[in-house]
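> Here is the input, now give the coordinates:
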Amino acid sequence: MPEFRLNKTVLTISEGDIVQAGTEAIVNAANSALADGAGVTGAIFKAAGPELARFTTKLGGCPTGQARLTPSFQLPAPTRFIIHAVGPVYGDYDTREAVQLLSNAYRSSLELAALNGIKSVAFPAISTGIYGFPLNLATGVALRTVLTFLKDAPHAIEEVRFVLRGEQPLSMYRLELAQLLAQLPAEITGDDTIYFYDKDEPYYEFTNFAPYGFFANNTFWQTSEHYFQAQKFPKMALYEDVRQSSTPSAARHLARQNFRRQRPDWNQVRLDVMREALRLKFNDNPPLVRLLLSTGERPLVEASEDDAFWGYGPDRQGQNNLGKLLMELRDYYRATSGEPPKQLEG
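The predicted model follows:
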């Protein structure tokens, strides 16, 4: 799962069942009655057993924007507590008030954890289910609130985990969190350089294997890796075979199997081909442009130990040409206020 760091706190984003989060406390997206319900609430009450409902009945409910703490009852170890956070029903408030109440629910949960010595907490996407809070807006509220709390109380909590359902929230949380952390100074995040390569690490979006497709000449490309590898075989049937490969890894493997057939000038044109691949990818995926711009002036380095041309290589002294092209593209977007470049000069 993607792992980020802020001071000494680890932040992770994963897909799955929050009941199985493996943190000291999990957060229930609760209703104001603190009663059993649907979605996350129903799953937690079912797993915790009937003792939970008997306990919450005695608490007398909880106002919107606040949280309450209960034992975990029959939830699997190491979870010892449930934090019941009551988010707003989006349609019951104007947007500004709904945002503030949602932020309060997250902050109240973290304050309860800190006050009770809880060192690891797992959150769902509060209020984004039947309460109707727009996911894109709720994501920003959740992450900004959590980061602000962790900056103000850097030693309070060791791990915050976001446990989500579905590819859309996973991608949205990952992009937003990477963008927010990129804006923080190195003394908080721990390093000025941004390394990208592994799927389970931050900034995987910058790799050519990341699943961000685009159109070029009315043809859809699954990834920039597909596009890059296919350009080795112009006007050949192999070009289309590479394009239609099931995965970026398969596209690269097919191209490498046929390296003797690649265009004779490949070493001379490959930088320009990669430049074009990145341009197409980022132009068709505006969230990636925002993520790229959020990195400011921080160095971008492809952390591939196997490739000293595109990455930093086995001795970390490689050419890092992919990182350099990304920084070049970043400079262009910055100079043009994020407007897509029609074509970058080599």
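
> Hmm, residue 128 and residue 142 touching each other?
No. Using Cβ atoms under 8 Å, residue 142 makes no contact with residue 128, being 9.1 Å away. To be clear about C-beta, it is placed using only N, CA and C from the backbone, and glycine gets the same treatment.

> Make sure residue 11 is indeed in a strand.
Yes. Counting by DSSP: H, G, I helix; E, B strand; the rest coil, residue 11 is found in a strand.

> Make sure it is actually in contact with residue 160.
Yes. Using Cβ under 8 Å, residue 11 and residue 160 qualify as a contacting pair, with a distance of 5.1 Å.

> can you pull the contacts of the closest residue to residue 79 other than its chain neighbours?
Among residues not flanking residue 79 along the chain, residue 72 sits closest, at 4.8 Å (Cβ to Cβ, 6 or more residues apart in numbering). Taking Cβ atoms under 8 Å, 6 or more residues apart in numbering as the criterion, residue 72 is in contact with 25-26, 48, 79-82.

> Go again with 10 Å.
By Cβ atoms under 10 Å, 6 or more residues apart in numbering, the contact set of residue 72 is 19, 24-26, 44, 47-49, 51-52, 78-82.

> shared neighbours, residue 142 and residue 128?
When Cβ under 10 Å, 6+ apart defines a contact, the residues bordering residue 142 and residue 128 alike are 87, 102.

> Buried residues, the host helix or strand of residue 140. List them.
Per DSSP states H and E: residue 140 is located in helix 135-152. For helix 135-152, a neighbour-count test (16 or more other Cβ atoms under 10 Å) marks 135, 137-147, 149-150 as buried.

> right, and out of the residues you listed, which lies closest to residue 265?
Comparing those against residue 265 with Cβ to Cβ places residue 139 closest, at 45.2 Å.

> close enough to count as contact, residue 150 and residue 106?
No. Using Cβ atoms under 10 Å as the test, residue 150 is too far from residue 106 to be in contact (11.3 Å).

> Identify the contacts common to these two.
With contacts defined as Cβ under 10 Å, 6+ apart, the residues shared by residue 150 and residue 106 are residue 160.

> most distant residue from the middle of the chain?
The centre of the chain is farthest from one residue, residue 264, which by Cα atoms, centre = their mean lies 39.7 Å away.

> and the gap between that residue and residue 234?
In this structure, residue 264 and residue 234 are 11 Å apart, going by Cβ to Cβ, to the nearest Å.

> got it, and residue 251?
Computed as Cβ to Cβ, the residue 251 to residue 234 distance reads 15 Å.

> more neighbours, the two?
Here residue 251 and residue 234 are compared on neighbour count by other Cβ atoms under 10 Å; more neighbours surround residue 251, at 26 against 10.

> Can you say which helix or strand has that one in it?
Under DSSP H and E, the secondary-structure element containing residue 251 is helix 248-257.

> which parts of that helix are buried?
Of the residues in helix 248-257, 248, 251-252, 254-255 count as buried by neighbour count, 16+ other Cβ under 10 Å.

> Give me the helices and strands touching it, please.
Under the contact criterion of 3 or more Cβ pairs under 10 Å, 6 or more residues apart in numbering; DSSP states H and E, the helices and strands touching helix 248-257 comprise helix 224-230, helix 237-243.

> Just the C-alpha atoms of that helix, please, in CSV.
Taking only C-alpha atoms (Å, rounded to 0.1, in the frame of the first residue of the first chain), the coordinates of helix 248-257 have been written out as CSV:
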residue,chain,number,x,y,z
PRO,A,248,2.9,-2.1,-19.7
SER,A,249,5.3,-4.9,-18.6
ALA,A,250,4.0,-7.0,-21.4
ALA,A,251,4.6,-4.2,-23.9
ARG,A,252,8.1,-3.7,-22.7
HIS,A,253,8.8,-7.4,-22.8
LEU,A,254,7.5,-7.7,-26.4
ALA,A,255,9.6,-4.8,-27.5
ARG,A,256,12.7,-6.2,-25.9
GLN,A,257,12.2,-9.6,-27.5
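
> Just the mean pLDDT for it, thanks.
Averaged across helix 248-257, the pLDDT comes to 97.

> and after that helix, which helix or strand comes next?
Along the chain past helix 248-257, the next helix or strand (assigned with DSSP H and E) turns out to be helix 266-283.

> what ranges of the stretch 101-250 of the chain fall below the confidence cut-off?
Under the criterion of pLDDT under 70, the regions of the stretch 101-250 of the chain flagged as low confidence span 185-191.
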